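# Using only what follows, build the 3D model:
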Amino acid sequence: MFGLEEDAPIVTLGEGNTPLIETSYESGSIWLKLEYQNPTASYKDRGSAVLASFLASRGVRSVVEDSSGNAGASLAAYAARAGIKTRIFVPESASGPKRSQIEMYGAELIPIAGPRANAARAVREAVTDQVVYASHAYMPFGLSGIASIAYEITAELGGKAPGTVIAPVGHGGLLYGMMRGFTALKMASMVSNEPFYVGVQSTACAPLFAAYESNEYTLREPMESDTIAEGVRVRNPVRGEAILREFAGGRGRIMQVSEHDLLKAYHDLALHGFFVEPTSALPWAALPEIFGNVPEPVVIVLTGAGFKSKP
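Residues are numbered from 1 along each chain as shown. This is a model prediction of the structure:
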């Protein structure tokens, strides 16, 4: 199951089976996958459950990770469940609620000054023979957990794949994991088509968008500035080039949205009853440009809860 050995211990906090809710948009409707209803209030729990199970099956007792917040909180929770000691490196700018959440699970929080990339460099220096770098971005084990979002969406839509799936893109694990899920369903003849994929970034840090617009597969490190979408402030997306190559055949597109449009989308979602963190609002902010021009039904993945950060 999920690529784990048969006798692997299953580390779970009850993740998955999140609601898919239809809501109005202009003259039509949008489906919202409420991934912020997972145990630590983000979609990261799907990957953390599989990753923690793998680590436990290998007898790992101590890990380090770098994160803007959600991945760190999720790993800290599942590592605590598995009895694994954890140190989480975060940028000093990471939101207070996420930092508190990490510490409440018993993990050691290590704030690093400067941009997100500095935390990524610092964590690699902390790796030793006795400490594993349990990266949600680099380790592949969590992708099979994230693929389960595709399976659930299909089941919730009556056994049919959506026309379009829209998701925020930082490292790209969410979008790439869902693509793997829908591809598996099509290969198994459980759906007749895969959705059109749309990945959304902030203009403050949009390396995939720049490459997509230039028809390139190699990412160039972009300028990085402040953004309320801290979850996608990633200069070198690990799954970026893989996503771009998949999109080369017209399977999807990458978009960017401004801080102004993102903040508006953040408030608009709340007025529809969905209180999410700003990163989660990126797909909603992209809708004015694409709604009506992409296959329906359209599904947006809402990735993290609103109480985790405040713009």
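# For the rest of this, base every contact and every neighbour count on C-alpha atoms.
Will do.
# who touches Ala77 in this structure?
Contact partners of Ala77, counting by CA atoms under 8 Å, 6 or more residues apart in numbering, are Thr40, Ile102, Tyr105.
# Tell me which helix or strand it sits in.
helix 70-82 (DSSP states H and E).
# Next secondary structure after that helix?
Using DSSP H and E, the helix or strand that follows helix 70-82 towards the C-terminus is strand 85-91.
# May I have that next one as PDB, with CA atoms only?
The C-alpha trace of strand 85-91 is given here as PDB (Å, rounded to 0.1, in the frame of the first residue of the first chain):
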ATOM      1  CA  LYS A  85      12.800  13.000  17.200                       C
ATOM      2  CA  THR A  86      12.500  16.000  14.800                       C
ATOM      3  CA  ARG A  87      14.200  19.300  14.200                       C
ATOM      4  CA  ILE A  88      12.500  21.700  11.800                       C
ATOM      5  CA  PHE A  89      14.400  24.600  10.100                       C
ATOM      6  CA  VAL A  90      12.100  27.500   9.200                       C
ATOM      7  CA  PRO A  91      12.700  31.000   7.800                       C
END
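# hey, where'd the strands end up in the protein?
With DSSP state E applied, the chain shows strands at 20-25, 28-34, 62-66, 85-91, 108-112, 132-133, 164-168, 196-202, 252-257, 298-302, listed in chain order.
# who touches the second one?
Read it as strand 28-34. Contact partners of strand 28-34, identified using CA under 8 Å, 6+ apart, comprise 18-24, 153, 297-303.
# which one among these gets closest to Ile290?
Val298 (10.4 Å; CA to CA).
# ok, what's across the strand from the closest one?
Per DSSP bridges, residues listed as beta-bridge partners of Val298: Thr164.
# by contact count, what packs against the lowest-mean-pLDDT helix or strand in the chain?
Within the chain, no helix or strand scores below helix 116-125, which has a mean of 81 by mean pLDDT, DSSP states H and E. Applying 3 or more CA pairs under 8 Å, 6 or more residues apart in numbering; DSSP states H and E, one finds that helix 116-125 makes contact with strand 62-66, strand 85-91, strand 108-112.
# Can you name the residues in contact with the first one?
By CA under 8 Å, 6+ apart, the surrounding residues in contact with strand 62-66 are 72, 84-90, 119-120, 123, 126-127, 130-136.
# what does the last one give?
Taking contacts as CA under 8 Å, 6+ apart, the residues outside strand 108-112 that touch it are 86-92, 99, 102-103, 118-119, 122.
# Now a ChimeraX select for only the buried ones of these.
Under the burial definition 16 or more other CA atoms under 10 Å, those of the contacts of strand 108-112 that qualify are selected in ChimeraX by:
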select :86,87,88,89,90,91,92,99,102,103,119,122
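# Pick the one among the contacts of strand 108-112 closest to Glu230.
Taking CA to CA as the measure, Glu230 sits nearest to Pro91 out of these, at 10.0 Å.
# Pull the contacting residues for the closest one.
Pro91 makes contacts with Ser67, Ser68, Pro111, Ile112, Ala113, Gly114, Pro115, Arg116, Asn118, Ala119, as judged by CA under 8 Å, 6+ apart.
# Can you give me the neighbour number for the spatially closest residue to Ala204 that is not a sequence neighbour?
Nearest-residue entry for Ala204: Ser225, 5.1 Å, with adjacent residues in sequence omitted and distances by CA to CA, 6 or more residues apart in numbering. Each residue near Ser225 was counted by other CA atoms under 10 Å, and the total is 11.
# same deal with Ala73?
If you count neighbours by other CA under 10 Å, Ala73 ends up with 29.
# for Pro9, same thing?
17.
# I'd say it and Ser57 touch.
Yes. Counting by CA atoms under 8 Å, Pro9 touches Ser57, with 6.1 Å between them.
# Please report the distance of Ile112 from Gly28.
45 Å (CA to CA, to the nearest Å).
# swap in Leu262?
Leu262 is 21 Å from Gly28, by CA to CA.
# Compare those two (neighbour count), which wins?
The neighbour comparison of Leu262 against Gly28 (other CA under 10 Å) goes to Leu262, with 26 against 11.
# these two touch, right, the more buried one and Glu277?
No. With contacts defined as CA under 8 Å, Leu262 does not count as touching Glu277, sitting 10.7 Å away.
# How about the contacts made by Thr40?
Under the criterion of CA under 8 Å, 6+ apart, the contact partners of Thr40 comprise Ala73, Ser74, Ala77.
# show me the contacts for the first one.
Residues in contact with Ala73 (CA under 8 Å, 6+ apart) are Thr40, Lys98, Arg99, Gln101, Ile102, Tyr105.
# Let's see which of the residues you listed end up in helices.
Per DSSP state H, helices hold the following members of those: Lys98, Arg99, Gln101, Ile102.
# Distance to Tyr266 for the residues you listed - can I get that in a markdown table?
Formatted as a markdown table, these follow (distance: CA to CA, whole Å):
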| residue | distance to Tyr266 |
| --- | --- |
| Lys98 | 18 |
| Arg99 | 21 |
| Gln101 | 22 |
| Ile102 | 24 |
